[in-house]
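# sequence-free structure coming up:
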Ligand code: HEM
């Protein structure tokens with residue numbers, strides 16, 4: 001036992017039963033960042049019965065996600081995914097094996113391919129136009145807008161139309177409303193659940209979470225079943241096929257060479273909703289907050305837009321590839337505000353040795369990209385928002401440069417990266433091109449609250465509010 005413990009990565013002193021759980025508070029990524037400063041970039045923490053390896057440097061991240069990728073491609077058991085996502089039949093928490101491999105291939109080729117994403121281009125344009133119209137009205141009335149709310153609704157509407165083929169009004173899922181119910185599932189999934197750390201306690205449901213998860217899962221299942229039933233009717237030829245149509249077609253054709261029924265479709269639909277809505281919206285939210293805090297950067301983005309797009313029309317998706325400075329701004333936002341600061345936890349399949357440390361089989365591996373993004377050994381003036389640091393830099397967001405991996409890397413890397421980036425770039429570009437923004441009530445840029453709230457994604461703790469005024473003459 002002694003020999004085994006000596007070879008584990010270093011970590012703080014643990015206490016009986018809890019291990020290191022008592023050292024982790026409301027913002028685990030920040031607590032782990034501080035602990036890693038003391039214990040190193042490969043650190044061991046035990047949460048109840050679960051062994052965790054916390055990875056906090058680009059070099060170590062490369063070891064786990066590239067050099068030994070195949071050994072860390074699994075996901076740990078997860079109570080919420082078990083109860084809400086049909087026994088982890090979803091993609092994001094699916095166990096590594098033939099089912100996950102086949103489903104991942106299907107999603108990448110059929111749902112998240114460039115062709116499929118492009119087929120929703122006009123829908124995105126329409127929804128963004130609705131948003132701009134709403135903000136224009138507010139500008140005319142000199143009203144303050146809640147940017148967090150507006151962008152969240154836009155993202156939900158775009159995702160719903162792409163996944164289900166239509167938007168859902170409140171009261172359509174149950175009397176509490178679509179957004180509230182979806183939010184509840186997300187919150188339940190993010191709450192620290194004792195069942196994840198002490199599996200034998202899960203049956204006792206001491207926190208009452210299992211009961212709540214089962215209840216929310218029932219509501220989701222009824223809603224998804226209704227959607228599948230509605231989609232069972234034939235579509236007119238030429239109509240854009242949403243994700244439900246595409247998956248039902250595949251199921252009915254029998255071409256899928258793996259077990260693929262309605263339960264699997266429902267699990268993946270929920271995944272797409274959870275993975276797509278909050279990630280993009282939250283990144284836009286953080287970007288707008290940084291632009292309001294750094295008016296000189298906002299002006300530079302606006303100047304680039306004026307030059308590339310001109311002042312007589314809105315931004316088109318085809319403009320995005322020419323907006324180089326905007327791209328740097330978004331990279332800088334991902335560096336400082338990654339929405340999934342610990343990625344999604346990975347799990348080791350076999351015992352292995354990395355950098356001289358013993359990593360036991362079935363350890364949970366969390367890559368702290370928040371710590372990497374703010375590490376002064378990796379970045380000059382790491383805490384400052386300086387998009388110009390990317391001028392002439394080779395670093396991109398595709399998971400090849402381990403200093404910046406907001407979408408993860410390797411086999412479990414985000415399959416929605418292309419779609420996510422289009423949404424973030426397009427919405428930010430449009431908001432900044434169509435409007436000038438000022439802070440309400442004489443607030444100074446330095447007074448914007450930048451505190452975080454940890455959850456399935458790390459959001460702003462307080463909503464971002466600002467006053468718009470129109471820049472363009474639109475018809
Ligand atoms: C700004 C937008 C987004 C960001 C920052 C983001 C980030 C991430 C990250 C960090 C992971 C985990 C990678 C890992 O564990 O190594 C992930 C996984 C995933 N993402 Fe995204 N994502 C975004 C948008 C999307 C969109 C739009 C979709 C689809 C509609 C999507 C679908 C998924 C799925 C299905 C997984 C799980 C993959 C697997 O486990 O095999 N993501 N994403």
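All right, it came through fine. This is a predicted model, so every value here is computed, not measured.

# the strand or helix carrying residue 151 near the ligand anywhere?
Counting by DSSP states H and E, the element that carries residue 151 is helix 147-163. No. When contact is scored as Cβ under 6 Å from any ligand atom, no part of helix 147-163 falls within range of the ligand; the minimum is 7.0 Å. Backbone N, C-alpha and C define where each C-beta goes, glycine included.

# list the buried residues in that helix.
147-148, 150-163 (16 or more other Cβ atoms under 10 Å).

# try stretch 188-197
188, 189, 191, 193, 194, 195, 196, 197.

# count the residues that sit near the closest residue to the ligand within the stretch 1-150 of the chain.
Using Cβ to the nearest ligand atom, residue 92 is the residue of the stretch 1-150 of the chain that sits closest to the ligand, at 3.6 Å. By other Cβ atoms under 10 Å, 22 other residues sit near residue 92.

# and it, how far from residue 340?
10 Å (Cβ to Cβ, to the nearest Å).

# show me which residues of the stretch 201-350 of the chain are close to the ligand?
271, 272, 275, 276, 279, 280, 283, 339, 340, 343, 344.

# just checking, which of those residues belong to helices?
Residues of those located in helices (DSSP state H): 271, 272, 275, 276, 279, 280, 283.

# residue contacts, the first one?
Spelled out, that is residue 271. Residue 271 makes contacts with 85, 90, 91, 92, as judged by Cβ atoms under 8 Å, 6 or more residues apart in numbering.

# what about stretch 77-96, start to end distance?
Stretch 77-96 has its terminal residues 11 Å apart, counting by Cα to Cα, to the nearest Å.

# so residue 466: helix, strand or coil?
strand (DSSP: H, G, I helix; E, B strand; the rest coil).

# for the closest residue to it other than its chain neighbours, helix, strand, or coil?
Spatial nearest neighbour of residue 466, chain neighbours left out: residue 437 (4.7 Å); criterion: Cβ to Cβ, 6 or more residues apart in numbering. Three-state assignment for residue 437 (three-state DSSP): strand.

# pLDDT value on residue 437, please?
Residue 437 carries a pLDDT value of 98.

# neighbours around it, how many?
Neighbours around residue 437, by other Cβ under 10 Å: 21.

# that one bridge partners, please.
residue 468 (DSSP bridges).

# run through the residues that contact it.
So residue 437 contacts 288, 291, 292, 298, 431, 466, 467, 468 (Cβ under 8 Å, 6+ apart).

# how near is it to the ligand?
21 Å (Cβ to the nearest ligand atom, to the nearest Å).

# may I have the phi/psi pair for residue 431?
phi -60, psi -40 (degrees, to the nearest 10).

# now for the residue nearest to residue 163 when sequence neighbours are not counted: which residues touch it?
Distances taken as Cβ to Cβ, 6+ apart place residue 243 nearest to residue 163, at 4.5 Å, with adjacent residues excluded. Residue 243 makes contact with 111, 162, 163, 164, 269, 272 under the criterion Cβ under 8 Å, 6+ apart.

# tabulate those residues (a markdown table), appending distance to residue 38 and pLDDT.
Shown next, in a markdown table, are the contacts of residue 243 (distance: Cβ to Cβ, whole Å; pLDDT from 0 to 100):
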| residue | distance to residue 38 | pLDDT |
| --- | --- | --- |
| 111 | 43 | 93 |
| 162 | 45 | 95 |
| 163 | 44 | 94 |
| 164 | 48 | 92 |
| 269 | 43 | 93 |
| 272 | 39 | 92 |
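
# just the strands in the stretch 301-450 of the chain please.
Ranges of strands in the stretch 301-450 of the chain, per DSSP state E, counting those that start in this stretch, are 346-347, 352-354, 357-359, 364-367, 435-438.

# which of these sits most buried?
Sort the strands of the stretch 301-450 of the chain by mean neighbour count, taking mean count of other Cβ atoms under 10 Å, and strand 364-367 sits at the top with a mean of 25.

# now for that strand, which elements pack on it?
With contacts defined as 3 or more Cβ pairs under 8 Å, 6 or more residues apart in numbering; DSSP states H and E, the packing partners of strand 364-367 are strand 50-55, strand 346-347.

# so, low pLDDT: which residues of the protein?
Across the chain, residues meeting the criterion (pLDDT under 70) sit at 1-6, 170-171, 474-475.

# and if we set it to 90?
For the chain, the stretches with pLDDT under 90 are 1-7, 166-192, 199-203, 205-206, 223, 232-240, 249-260, 273-278, 455-456, 473-475.

# in it, which residue is most central in space?
residue 279 (3.4 Å; Cα atoms, centre = their mean).

# who's in contact with it?
339, 340, 416, 420, 457.

# the closest residue to the second one other than its chain neighbours: how many residues sit nearby?
Using Cβ to Cβ, 6+ apart and skipping residues adjacent in sequence, the residue nearest residue 340 is residue 457, 6.1 Å away. The burial count assigned to residue 457 is 21, neighbours taken as other Cβ under 10 Å.

# helix or strand: which one has residue 457?
Going by DSSP H and E, residue 457 is not in any helix or strand.
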